[in-house]
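Q: mind looking at a prediction? Sequence and model below.
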Amino acid sequence: MSNNLLKDNTKQDLEFYLNGTSKLDKIVQSISSTSLSSTSIENCDENILCDRNGNDRFQRLCNKDPELLIEPLDKSIEIALKNFNSAKDKSLIYCTNALEYIKMLIDCPSTPDSFHVVDLGKLTERYKFWKDTFNDIIPYYAVKANPDPKVIEVLARLGVGFDCASEKEITSLLEQGVSPDRIIFANTRKFVSAINLAKMHGIKKMTFDSTDELQKITEIYPDAELILRIKADDSHSSVKMNTKFGCSMTRAREMIKICYEKKVNLIGISFHVGSSCSSPLSYEQAIEDSAILFKEAKEKYSLEFKLLDIGGGWPGSDDPLFLDIAEKVKNCLLKNFDSSVKVISEPGRYFCAPIVTLATKIIGTDEIENDESMEDIKTDNLKYFSYFLSNGIYQSFFDCLYFQFDLEVLRKEGLEFIPFSNRVKFDPSVLYPAILFGPSCDSYDKLFDRIMLPEMKRGDYLFSYNLGAYYNACATKFNGIEQSKPYYFYSLGKMNV
């Protein structure tokens, strides 16, 4: 597709969604009384339905329902019509990629200083990649990573399960029409009111790791299907879990015995290797430990566990490590479990990190003076700058705090800071050390002490990729500074996954 044609199409779609001039309405009127087949589509106005390369324009406009990405065309039309109200979402357009969409938004006077674009096409692609990679391991999306209602809606329509930790997360899923059997309440310390809510709606699967939590659940919800969480080796992970969650193998054996004696409905084992795990060994050991508990429960108490939850920890970037870990996990599962055991996982960052690109405006600059306080970070004969951004750790850059401001770890997660200016084209070979500050009046609101960037001016931007995990879930309005505004789109390159 040519650049000019792409711009024309994007502009038309933007007008459609912002102004309500609905080509989709015309299409629906023209085919609503006809059979839903590819023939009826071919009889419609070619200029409306197709671009000059023959790509299906109706499918692109109706494609709010992610099922349309993986179904035949005639089925796609049927689904689109059934979900017409959702298809009329005026906040969604189509564009080649995040960068092009951001540049288009920058040129709009009404665009705020801090905004981000959310690629729902990329989200669908991540789902398909998971299915192609694992097939039999059912993903239960960790809502905590990104509770954006549109992200939840897309994943819900794709048939993904959900890992919840609170009443609000559960309620948000029920409002999207997610069935209770697709929800696991995976917080090992639950509010009584939350357990009551789960009971009211028939959400049975929930985790625990202590006798106190076991007693609390069974007193309130004796029909709950309980999953015992054990500790896993988190030494290869960026964020550890063992200090707060899970019980040791010795304690797990005791808990299984208690469940047997109290006739508790214990259905399986869960674990979590920690966030951003870098070694398959952690998964393999936890899977083998789980298999031991499955076997002992059957031999000692005739308990037939039916579910294994292998948790999250999957990287959110396109890291080759993902496929390495996935292959070893599949082999280990095949070795230790048969097909009667349902295996689920709780990917969060995996799904949502790659779908968000943030645009942060530079609202102030300064060249740092050569004083004694800066001697440890200034470089001889180089300028040193401080850039004040429209977004900081209290808004979208929680990951900088989460990973202790380690730039190398953040880059491993896929986070980058790409300079952009409408004034000049930056020379990538001319870089200077810089400090990045957030917009608040807190001196702790600082992203990095030393990052290499070109000399930038007020009004320039930094684009940050792979920022979709925890950026909104942990954002605040500290100092009264508004959070980044979302803009949703489907990347055209991902439409046919």
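A: Yes, it's here.
Q: now Ser282, nearest residue through space, not along the chain?
A: Spatially, and ignoring its direct neighbours in sequence, Ser282 is nearest to Val273 (4.1 Å; C-beta to C-beta, 6 or more residues apart in numbering). All C-beta spots, glycine's among them, are computed from the backbone N, C-alpha and C.
Q: hang on, I meant Leu226
A: Leu266 (5.1 Å).
Q: from Ile152, how far off is the one you found?
A: According to C-beta to C-beta, to the nearest Å, Leu266 stands 29 Å off from Ile152.
Q: picking up where we left off before, list the contacts for the residue nearest to Ser282?
A: Counting by C-beta atoms under 8 Å, 6 or more residues apart in numbering, Val273 touches 232-234, 236-237, 241, 282-283, 286, 311, 313.
Q: and the gap between it and Leu105?
A: From Val273 across to Leu105, the span is 38 Å (C-beta to C-beta).
Q: the longest strand along the chain packs against which elements?
A: For the chain, the longest strand by residue count, based on DSSP state E, is strand 356-367. If you count contacts as 3 or more C-beta pairs under 8 Å, 6 or more residues apart in numbering; DSSP states H and E, strand 356-367 packs onto helix 98-106, strand 114-119, strand 385-389, strand 461-464.
Q: tell me which of these sits nearest to Arg189.
A: The closest of those to Arg189 is strand 114-119. By C-beta to C-beta, the value is 31.2 Å.
Q: and the closest one, what's buried?
A: For strand 114-119, the neighbour count (16 or more other C-beta atoms under 10 Å) marks 114-119 as buried.
Q: what about that strand, average pLDDT?
A: Regarding strand 114-119, the rounded mean pLDDT is 92.
Q: okay, strands next: where are they in the stretch 251-400 of the chain?
A: Under the criterion DSSP state E, counting those that start in this stretch, the stretch 251-400 of the chain contains strands at 266-270, 275-277, 307-309, 342-345, 356-367, 385-389.
Q: tell me the mean pLDDT for the fourth one?
A: Looking back up the chat, that one is strand 342-345. On average, strand 342-345 scores 97.
Q: off-centre distance for that strand?
A: How far strand 342-345 lies from its chain's middle: 19 Å, per C-alpha atoms, centre = their mean, to the nearest Å.
Q: and Ile138, that one's in a strand?
A: Yes: using DSSP: H, G, I helix; E, B strand; the rest coil, the assignment for Ile138 is a strand.
Q: who does it bridge with?
A: For Ile138, the beta-bridge partners under DSSP bridges are Ile344.
Q: now do it, the pLDDT please.
A: You'll see Ile138 listed with a pLDDT of 95.
Q: any idea how far Ile344 is from the residue nearest to Ser282?
A: Distance, Val273 to Ile344, using C-beta to C-beta: 15 Å.
Q: so which strand or helix has Tyr490?
A: Tyr490 belongs to strand 485-491 when assigned by DSSP states H and E.
Q: can you tell me the strand partners of that strand and which way each runs?
A: Counting by DSSP bridges, strand 485-491 is paired with strand 92-95 (parallel), strand 114-119 (parallel).
Q: just put the ones you listed in JSON lines and tack on distance to Ala156.
A: Formatted as JSON lines, the strands paired with strand 485-491 follow (distance: least, C-beta to C-beta, whole Å):
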{"stretch": "strand 92-95", "distance to Ala156": "16"}
{"stretch": "strand 114-119", "distance to Ala156": "16"}
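Q: what's the closest of those strands to Tyr470?
A: For these, proximity to Tyr470 was assessed by C-beta to C-beta; strand 114-119 is nearest, at 13.1 Å.
Q: after the closest one, which helix or strand is next?
A: Defined by DSSP H and E, the subsequent element after strand 114-119 is helix 120-134.
Q: which neighbouring elements make contact with that next one?
A: helix 149-158, helix 320-336, helix 349-352, strand 485-491.
Q: tell me the angle that helix makes with helix 98-106.
A: Helix 120-134 runs at 160 degrees relative to helix 98-106, counting by axes from the mean of the first three to the mean of the last three C-alpha atoms, to 10 degrees.
Q: identify each buried residue in helix 120-134, please.
A: Neighbour-count burial for helix 120-134 flags 120-127, 130-131, 134 (criterion: 16+ other C-beta under 10 Å).
Q: now find how far off-centre it is within its chain.
A: On the basis of C-alpha atoms, centre = their mean, helix 120-134 sits 11 Å off its chain's mean C-alpha point.
Q: check contacts around the residue most central in space within the chain.
A: What sits nearest the mean C-alpha location of the chain, by C-alpha atoms, centre = their mean, is Cys352, with 1.6 Å. Residues near Cys352 by C-beta under 8 Å, 6+ apart: 123, 145-146, 148, 151, 316, 468-469.
Q: ok, now Tyr387?
A: Applying C-beta under 8 Å, 6+ apart, we find Tyr387 in contact with 362, 364-365, 434-437, 453, 456, 462.
Q: and what of Ala186?
A: Contact analysis of Ala186 by C-beta under 8 Å, 6+ apart lists 140, 142, 163-165, 206-207, 270, 309, 346.
Q: go ahead and confirm Asn196 touches Ile220.
A: Yes: with contact defined as C-beta atoms under 8 Å, Asn196 counts as touching Ile220 (6.3 Å).
Q: what is the longest helix along the chain packed up against?
A: For the chain, the longest helix by residue count, based on DSSP state H, is helix 280-301. Judged by 3+ C-beta pairs under 8 Å, 6+ apart, helix 280-301 is in contact with helix 249-261, strand 266-270, strand 307-309, helix 320-336.
Q: quickly list what Ile418 is bridged to.
A: Phe463.
Q: now for it, how many residues are close by?
A: By other C-beta atoms under 10 Å, the residues close to Ile418 number 14.
Q: hmm, it is touching Tyr465, no?
A: Yes: contact status for Ile418 versus Tyr465: in contact at 7.3 Å, counting by C-beta under 8 Å.
Q: rewinding a little: what's the most distant pair in the contacts of Tyr387?
A: Applying C-beta to C-beta across the contacts of Tyr387, the maximum distance is between Gly364 and Leu453, 14.7 Å.
Q: can you tell me which of the helices and strands packed on strand 356-367 is nearest to Pro486?
A: Nearest to Pro486, of all the helices and strands packed on strand 356-367, is strand 114-119, at 5.5 Å by C-beta to C-beta.
Q: just how off-centre is the closest one within its chain?
A: Centroid separation for strand 114-119 versus its chain: 13 Å, with C-alpha atoms, centre = their mean.
Q: quick one, that strand and helix 149-158 angle?
A: Using the same axes, to 10 degrees: strand 114-119 against helix 149-158 is 10 degrees.
Q: ok so, going back, ok, the residue nearest to the centre of the chain to Asn265 distance?
A: In terms of C-beta to C-beta, Cys352 sits 32 Å off from Asn265.
Q: identify the residues contacting the nearest residue in space to Tyr394 that is not next to it in sequence.
A: Nearest residue to Tyr394, sequence neighbours excluded (C-beta to C-beta, 6+ apart): Phe478, at 4.1 Å. By C-beta under 8 Å, 6+ apart, the contact set of Phe478 is 394, 440, 442.
Q: same question for Leu197.
A: Per C-beta under 8 Å, 6+ apart, neighbours of Leu197: 167, 170-171, 203.
Q: so which strand or helix has it?
A: Judged by DSSP H and E, Leu197 forms part of helix 192-201.
Q: what are the buried residues along that helix?
A: So for helix 192-201, counting by 16+ other C-beta under 10 Å, buried means 194-195, 197-199.
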